[in-house]
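**Student:** Structure, please.
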Amino acid sequence: MKLLETIKNDYQTFPKNQTYSVYADNVYFKDPVNEFTGVKRYQEMIQFMSTWFKNVDLELHNIYQSDNIIHTEWTLHWITPLPWKPPISIPGRSELTFNDQNLIISHIDYWNCSRWDVLKQHFVLNPS
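**Tutor:** Numbering: from 1, shown residues only. Sure thing, here's the model as predicted:
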């Protein structure tokens, strides 16, 4: 399916050159720290990540489709621009639900760790 390939390609270039045209204007997004509606807000969130964090990389481990849902399993990496430059790693998965027009109407991310686990990564000194 073309949508699945588009999502796979977007993960490989994340956060650059994302294909926002595959999202419905009123797409619902939720992850452990954000919840909103609208593709414009989604674009702003991605732009924030690419501006604030360094070396953002979305490592795709698995992608498959069941009915009208695309499932992805991934690990998101970045370096936070604090003086000690902590490397952050968030393993997780996404469920992207699409409609009859092949537009994503819901994008829900689940982390395989707690928000506290992510916060703690910021306070581990890098031994380099």
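
**Student:** contacts, neighbours, all on C-alpha from now
**Tutor:** Fine.

**Student:** Of all the residues in the lengthiest helix in the chain, which ones are buried?
**Tutor:** As assigned by DSSP state H, the longest helix anywhere in the chain is helix 39-52. Buried residues in helix 39-52, defined by neighbour count with 16 or more other CA atoms under 10 Å: 39, 41, 42, 50.

**Student:** Stretch 72-90 now?
**Tutor:** Residues of stretch 72-90 classed as buried by neighbour count (16+ other CA under 10 Å): 72-80, 85-90.

**Student:** just checking, next helix/strand downstream of the helix or strand hosting residue 76?
**Tutor:** Assigned by DSSP states H and E, residue 76 belongs to strand 69-79. Toward the C-terminus, strand 69-79 is succeeded by strand 87-98 as the next helix or strand (DSSP H and E).

**Student:** I'd like the average pLDDT over that following strand.
**Tutor:** Per-residue pLDDT over strand 87-98 has a mean of 97.

**Student:** Would you mind measuring from residue 85 to residue 111?
**Tutor:** Residue 85 sits 22 Å away from residue 111, going by CA to CA, to the nearest Å.
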